[in-house]
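The following comprises the amino acid sequence and a computationally predicted model.
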Amino acid sequence: MSNRKIRVLVAKPGLDGHDRGAKVIARALRDAGMEVIYTGLRQTPEMIAAAALQEDVDAVGISILSGAHNTLCPRIVGLLREKGMDDTLVIVGGIVPDEDIPVLKEQGISEVFLPGTSTEDIVDFINANVRNEG
């Protein structure tokens, strides 16, 4: 097993201006020993995919509260795959109706974390699902 830290990009796509949750998750991932890159607010899917490629991340965490998850998340996954990032874990956190979760998973989202999910559960999921080949 490699000593290389898991690298996670935390992104806020679209027009949603609330980033407290994303910052809490970023801090929890850092505290768990991961390297975290936070892109800031109002990122386009293209900006997120480009940053993920440039930073050579193992996972992308998308924080979304705006209701645009069915448009933005599949676009981000598609762009990552176009860039050859087939093994990159893509997870979503935020406000996502239960009926949308299976559709997002069919489109390449690995997991959806709803409000109230413990940060420990998110850390455990990333640790269990990222191939850390370093």
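Right, received. Where do you want to start? This is a predicted model, so every value here is computed, not measured. Numbers count the residues shown, from 1 in each chain.

those strands in the protein, which residues are they?
Here the chain has its strands, by DSSP state E, at 7-11, 35-38, 59-64, 89-94, 111-113.

Now find how far off-centre the second one is within its chain.
Same thing as strand 35-38. 11 Å (C-alpha atoms, centre = their mean, to the nearest Å).

picking that back up, right, and the strands of the chain - which one's nearest M47?
strand 7-11 (8.2 Å; C-beta to C-beta). The way it works is simple: take the backbone N, C-alpha and C, and place the C-beta from them, glycine included.

Not counting that closest one itself, show me its contacts.
22, 25-26, 29, 34-39, 43, 48, 51-52, 55-63, 76, 126 (C-beta atoms under 8 Å, 6 or more residues apart in numbering).

Now do the contacts for S110.
L89, V90, I91, F125, N129.

Looking at those residues, point me to the pair that's furthest apart.
V90 and F125 (11.9 Å).

Between those two, which is the more surrounded one?
V90 (24 against 17; other C-beta atoms under 10 Å).

Not counting its neighbours along the chain, what's nearest the more buried one?
Closest residue to V90 apart from its sequence neighbours, by C-beta to C-beta, 6 or more residues apart in numbering: V60 at 5.0 Å.

so what's the one you found up against?
V60 neighbours (C-beta under 8 Å, 6+ apart): V8, L9, A11, I48, A52, I76, L80, T88, L89, V90, I91.

10 Å instead?
Taking C-beta atoms under 10 Å, 6 or more residues apart in numbering, we find V60 in contact with 8-11, 37, 39, 48-49, 51-52, 76-77, 80, 85, 88-92, 109-110.

Keeping just the C-alphas, turn stretch 62-82 into PDB.
Extracted in PDB, the C-alpha atoms of stretch 62-82 (Å, rounded to 0.1, in the frame of the first residue of the first chain):
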ATOM      1  CA  ILE A  62     -19.700  17.800  -5.400                       C
ATOM      2  CA  SER A  63     -21.700  19.900  -3.000                       C
ATOM      3  CA  ILE A  64     -25.000  21.000  -4.400                       C
ATOM      4  CA  LEU A  65     -28.100  22.600  -2.800                       C
ATOM      5  CA  SER A  66     -29.500  24.400  -5.800                       C
ATOM      6  CA  GLY A  67     -31.600  21.600  -7.300                       C
ATOM      7  CA  ALA A  68     -29.500  21.500 -10.500                       C
ATOM      8  CA  HIS A  69     -28.000  18.100  -9.600                       C
ATOM      9  CA  ASN A  70     -29.600  16.200 -12.500                       C
ATOM     10  CA  THR A  71     -28.000  18.600 -15.000                       C
ATOM     11  CA  LEU A  72     -24.700  19.400 -13.400                       C
ATOM     12  CA  CYS A  73     -23.600  16.100 -11.900                       C
ATOM     13  CA  PRO A  74     -23.900  14.000 -15.100                       C
ATOM     14  CA  ARG A  75     -22.100  16.700 -17.000                       C
ATOM     15  CA  ILE A  76     -19.200  16.700 -14.500                       C
ATOM     16  CA  VAL A  77     -19.000  12.900 -14.700                       C
ATOM     17  CA  GLY A  78     -19.000  13.000 -18.500                       C
ATOM     18  CA  LEU A  79     -16.200  15.500 -18.600                       C
ATOM     19  CA  LEU A  80     -14.100  13.600 -16.200                       C
ATOM     20  CA  ARG A  81     -14.500  10.400 -18.200                       C
ATOM     21  CA  GLU A  82     -13.700  12.300 -21.400                       C
END
